[in-house]
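Student: model this:
(one chain, ligands or ions: 1)
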Amino acid sequence: MANDLEHGSQLTFSSTYSTTIQDTYQQSTMDAAIENIKQLASEAGHSARQPIILALTKLIYSLETPDDTVQRIGGLPLQTSVALTAVDLGLFRLLVEAEAGSTGSLTLAELAAKTGAEAALLLRLLRYLASIGLVDQVSKDAFKANHGSRNMTAKVAESGLRHYFYTCCPEYFALPDHLKRTGYKNANDETQTAWHDAFKTDKGPFTWFADKPDNMSYFNDYMAFRRGPELGWLSVYPVREQVPESWPADRPLYVNIGGNIGHQCAEFRDKFPADVLPGRVILQDLPHSIAAALATPGVENTVHDFFKPQPVRGAKFYFLRGVFHNHPDHKVKLLLKQTMDAMTEESIMLIDEIIPPAIGTGLDAAAHDITMLAAFAGAERSEEQWKGLFGEVGLRLVRTYVYNEASYESVMDVRLL
Ligand SMILES: C[S@@+](CC[C@H](N)C(=O)[O-])C[C@H]1O[C@@H](n2cnc3c(N)ncnc32)[C@H](O)[C@@H]1O
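Tutor: Got it, this is the predicted structure:
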């Protein structure tokens with residue numbers, strides 16, 4: 001696990017607080033406990049990370065006073081807002097670059113010279129960022145990067161933060177009044193959601209994106225960078241075994257429905273070049289996504305509204321990732337039926353979604369579920385819910401392949417009855 005454990009962090013009780021002789025025993029006991037946890041965490045695999053984070057988070061919460069809890073929950077939007085300001089100023093990148101320098105840190109004067117922001121303002125921003133663990137303060141007027149700062153320089157961070165701040169946060173703020181006004185129903189009307197209240201529009205998010213290029217590009221980049229190919233369906237699904245040797249080059253092999261700007265089509269072609277797996281690879285999405293689509297050799301970028309009849313008939317794979325969760329059940333059934341109508345007995349529908357467990361759903365999946373509710377009257381559905389929907393339209397679930405145990409991301413192999 002690449003984190004502060006490997007980078008000489010300040011994650012000890014005694015280095016964070018000044019000491020008195022009476023405190024020494026308590027501090028050394030605390031430091032030993034933290035050392036043990038650091039050791040355990042550094043040995044944990046990817047899927048063990050979430051339970052460790054949850055256990056430690058609960059431990060922290062158990063120490064809070066009521067006011068601490070209110071400050072933490074009430075202040076969450078401030079975290080997003082100040083972190084975004086820091087990204088805009090390039091603070092995380094500058095501090096991470098400075099790690100290689102002689103002091104490993106930057107003074108306020110140096111940061112002011114590099115960013116053009118006033119040193120007095122930078123002190124206030126950085127002090128807040130230090131209080132939420134995104135930078136470390138090393139002296140009265142110097143700061144250095146830590147694990148959180150390094151995370152904030154990852155490709156996914158900038159687009160993800162902008163997507164949350166400019167597109168998700170307004171609907172989060174609109175949600176309480178929306179639910180109150182609509183009588184606390186489990187939403188199924190995609191035309192009347194917290195999103196519509198927040199943005200005072202009658203357009204759904206994907207139609208609205210057409211006139212909002214900045215919001216759309218934050219979303220597209222976030223989708224592309226959130227998950228690397230090593231943690232995707234291609235790492236678990238037996239693609240080659242499912243495709244007959246004789247599959248003709250002019251027959252559709254892989255249709256990516258609602259495939260955004262084509263990152264997954266590119267990954268598919270990268271892993272299975274045409275000389276290894278012949279057949280057409282086709283991206284389908286709305287016009288504004290296709291206008292921004294990657295020009296990947298061997299991938300056909302096409303405009304198609306997936307609620308209309310599927311024009312590509314008899315493909316081997318119809319693949320949909322993170323598409324159904326954007327829709328209420330009645331639209332899910334319509335999309336399933338439009339796709340089924342194009343399938344032959346040889347076809348496989350691959351549905352790639354977060355499938356939360358019945359008990360103990362983690363933060364990521366639970367938060368996505370509420371985000372889907374607020375924006376689309378959509379949902380993250382359990383396997384039971386999926387089986388119910390397949391049964392209603394005449395499909396069968398052959399097998400669910402989990403490729404990310406921590407986030408319950410899975411691909412379902414679904415076929416005609
Ligand atoms: C949550 S994104 C998922 C994108 C991509 N599958 C991925 O996992 O990165 C949903 C995609 O569905 C597309 N979409 C929404 N409504 C659509 C429609 N009616 N027809 C075709 N594509 C649509 C959006 O433009 C967006 O690219």
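Student: Now F173. Nearest residue, chain neighbours left out?
Tutor: Spatially, and ignoring its direct neighbours in sequence, F173 is nearest to A198 (6.7 Å; CB to CB, 6 or more residues apart in numbering). The way it works is simple: take the backbone N, C-alpha and C, and place the C-beta from them, glycine included.
Student: what do you get for K331?
Tutor: Nearest residue to K331 in three dimensions, chain neighbours excluded: E190, at 6.4 Å (CB to CB, 6+ apart).
Student: can you confirm the one you found is in a strand?
Tutor: No. Using DSSP: H, G, I helix; E, B strand; the rest coil, the assignment for E190 is coil, not a strand.
Student: Please name the residues that touch it.
Tutor: Contact analysis of E190 by CB atoms under 8 Å, 6 or more residues apart in numbering lists G204, H327, P328, K331, F376, A377, G378.
Student: returning to what we had before: so what's the residue nearest to F173 up against?
Tutor: The contact partners of A198, by CB under 8 Å, 6+ apart, come to P170, E171, F173, A174.
Student: got the contact list for the second one?
Tutor: Which is E171. T193, A194, W195, A198, F199, T371, A374, A375.
Student: Near the ligand, which residues of the stretch 251-400 of the chain? Just list them.
Tutor: Residues of the stretch 251-400 of the chain lying near the ligand by CB under 6 Å from any ligand atom: 258-260, 285-286, 289, 305-307, 321-323, 326.
Student: Out of the residues you listed, which is nearest to Y237?
Tutor: Comparing these against Y237 with CB to CB places R321 closest, at 11.8 Å.
Student: what helix or strand does the nearest residue to that closest one once chain neighbours are set aside sit in?
Tutor: Of all residues beyond its chain neighbours, the one nearest R321 is D352 (3.7 Å), with distances taken as CB to CB, 6+ apart. Using DSSP states H and E, D352 sits within strand 348-354.
Student: Name the residues of the helix or strand just after that strand that come out as buried.
Tutor: Next along the chain after strand 348-354, taking DSSP H and E as the criterion, comes helix 363-376. The neighbour-count check on helix 363-376 (16 or more other CB atoms under 10 Å) flags D364, A365, H368, D369, T371, M372, L373, A374, A375, F376 as buried.
Student: Okay, E300 and N260: tell me how far apart.
Tutor: From E300 across to N260, the span is 15 Å (CB to CB, to the nearest Å).
Student: ok, those two, which is more surrounded?
Tutor: Higher neighbour count among E300 and N260: N260, with 24 against 15, using other CB atoms under 10 Å.
Student: Hmm, L286 and the more buried one touching each other?
Tutor: No. Using CB atoms under 8 Å, N260 makes no contact with L286, being 9.5 Å away.
Student: Neighbouring strands - and their directions - for the longest strand belonging to the chain?
Tutor: With secondary structure taken from DSSP state E, the chain has its longest strand at strand 395-404. Here strand 395-404 has these sheet partners by DSSP bridges: strand 409-416 (antiparallel).
Student: Mind checking if the strand it pairs with is in reach of the ligand?
Tutor: No. Strand 409-416 does not reach the ligand (CB under 6 Å from any ligand atom); its nearest approach is 10.2 Å.
Student: Give me the buried stretch members for that strand, please.
Tutor: E409, S410, V411, M412, D413, V414, R415.
Student: Show me the domain layout of this structure.
Tutor: Taking automatic domain parsing as the criterion, the chain consists of the domains 1-63, 71-153, 155-224, 227-416.
Student: a markdown table please, covering these and showing mean pLDDT.
Tutor: Output for the domains of the chain, formatted as a markdown table (pLDDT from 0 to 100):
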| stretch | mean pLDDT |
| --- | --- |
| domain 1-63 | 71 |
| domain 71-153 | 97 |
| domain 155-224 | 95 |
| domain 227-416 | 96 |
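Student: sec struct for the closest residue to L40 other than its chain neighbours, please.
Tutor: What sits nearest to L40 in space, not counting adjacent residues and going by CB to CB, 6+ apart, is I52, at 7.1 Å. Here I52 is recorded as helix under three-state DSSP.
Student: D197: neighbouring residues, count only.
Tutor: Residues contacting D197 under the criterion other CB under 10 Å number 19.
Student: Next, work out how far apart the nearest residue to it once chain neighbours are set aside and G160 are.
Tutor: Leaving aside its sequence neighbours, D197 sits nearest to A174 (CB to CB, 6+ apart; 4.3 Å). Noted for A174: a distance of 21 Å to G160, by CB to CB.
Student: got the residue ranges for the strands in the stretch 201-350 of the chain?
Tutor: 252-257, 280-285, 299-303, 317-321, 348-354 (DSSP state E, counting those that start in this stretch).
Student: still on that earlier bit, out of the residues of the stretch 251-400 of the chain next to the ligand, which are inside helices?
Tutor: Secondary structure from DSSP state H places S289 of these in helices.
Student: now the residues of the stretch 251-400 of the chain next to the ligand: which count as buried?
Tutor: By 16+ other CB under 10 Å, these give G258, G259, N260, D285, L286, S289, F306, R321, G322, V323, N326 as buried.
Student: Identify the spatial nearest neighbour of the first one, chain neighbours not counted.
Tutor: The reference is to G258. Here the residue nearest G258, using CB to CB, 6+ apart, is V323, at 3.9 Å.
Student: give me phi/psi at that neighbour?
Tutor: Note on V323: backbone dihedrals following degrees, to the nearest 10 are phi -100, psi -50.
Student: Surely it and V332 touch.
Tutor: No. Using CB under 8 Å as the test, V323 is too far from V332 to be in contact (9.3 Å).
Student: Which residues of the stretch 51-200 of the chain lie near the ligand?
Tutor: Counting by CB under 6 Å from any ligand atom, no position of the stretch 51-200 of the chain is adjacent to the ligand.
Student: what ranges do the helices span in the stretch 51-200 of the chain?
Tutor: Using DSSP state H, counting those that start in this stretch, the helices of the stretch 51-200 of the chain run over 66-74, 76-89, 91-98, 108-115, 119-131, 147-151, 155-163, 169-181, 194-199.
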